[in-house]
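Asks: Give me a 3D structure for the following:
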Amino acid sequence: EKEKIAKKIGGKILVHHKNIKTVAFKTGGIKGPFRIRSFKIVSGKKSALTLHKEMGCRFRIDVSKSYYSPRLSFERKRVNSLVKDGEIVFVPFAGVGPFAILIAKNHPNSKVYANELNPEAYKHLEENIKLNKVSNVIPVPGDARELGRRFPGAADRIIMPLPMSADEFLDAAFKLAKKNCIIHFYYFTSSMEKAEEAVFSASKKAKRKVKIVLSRKVRDYAPDILEAVIDFKVLE
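Replies: Numbers count the residues shown, from 1 in each chain. Below you'll find the model as predicted:
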């Protein structure tokens, strides 16, 4: 029944919006380590490959194989505006590169390390680096936990857009962080206090002092869950 209605609506969307080639409907949430969204194509081309434009950048994405959230565009703009040109920036869980490429394009003297585990998303990350002609993004495949071991004390800024489990990678982030490094920590939580607690708990374990610079609700995610961002400075 749902699918029939979706097909009808999909057909109408394609008729009225000539720029739209595919219509899909959501069949479930985002699942697994690669953060894949469940959906079914009901009208138009049987392809989930698209070109998304955001703040002067272009991103080729296959949404059936890699994660992308247009809802985070405000956060990408906000964080980009905080970066000082020349910083060494790390983006674990970089996906197809939206944070990394936007920052690299606007800060040509910065080096941006973009790390991604999902091979499909990594392939598009490499394509998008070429597409946007940014030579200062360094793609790093594999597990984000390895970053701290490979680049100890290298980061001026770390962006952690993995709200489902970013807390499990804070230990690696502390290894990566040099003194005065700023970390942008995204987290699904029932309250802002719990998100701050996760930061303080991890800093205690890592024996690093931190100062919270900003706590902000990004969006409501589910009835009792919100996505929070905590910007904090690693003091020593």
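Asks: which residues does residue 217 contact?
Replies: For residue 217, the contacting residues are 192, 226, 227, 228, by CB atoms under 8 Å, 6 or more residues apart in numbering. In short, each C-beta sits where N, CA and C put it, glycine included.
Asks: for residue 87, phi and psi?
Replies: phi -70, psi 150 (degrees, to the nearest 10).
Asks: Surely it and residue 104 touch.
Replies: No - with contact defined as CB atoms under 8 Å, residue 87 and residue 104 do not form a contacting pair (10.9 Å).
Asks: Once you drop chain neighbours, what's closest to the residue sitting nearest the centre point of the chain?
Replies: Nearest to the mean C-alpha position of the chain, counting by CA atoms, centre = their mean, stands residue 161 at 4.0 Å. Nearest residue to residue 161, sequence neighbours excluded (CB to CB, 6 or more residues apart in numbering): residue 186, at 5.0 Å.
Asks: That neighbour and residue 214: what is the separation?
Replies: Separation of residue 186 from residue 214 (CB to CB, to the nearest Å): 12 Å.
Asks: So for the two, which residue has more residues nearby?
Replies: The neighbour comparison of residue 186 against residue 214 (other CB atoms under 10 Å) goes to residue 186, with 20 against 12.
Asks: wait, the residue nearest to the centre of the chain sits on residue 73?
Replies: No - with contact defined as CB under 8 Å, residue 161 does not count as touching residue 73 (12.0 Å).
Asks: which residues do the two both contact?
Replies: With CB under 8 Å, 6+ apart, residue 161 and residue 73 have no common neighbours.
Asks: Quick one: residues contacting the residue nearest to the centre of the chain.
Replies: Residue 161 is in contact with 72, 75, 91, 93, 95, 99, 184, 186, counting by CB under 8 Å, 6+ apart.
Asks: For this structure, just list every one of the helices.
Replies: 2-16, 73-82, 98-106, 119-131, 145-150, 170-176, 192-206 (DSSP state H).
Asks: Next, show the common contact partners of residue 186 and residue 214.
Replies: In contact with both residue 186 and residue 214: residue 229, using CB under 8 Å, 6+ apart.
Asks: leaving aside the residues next to it on the chain, what's closest to residue 211?
Replies: Excluding the flanking residues, the one nearest residue 211 by CB to CB, 6+ apart is residue 233, at 4.9 Å.
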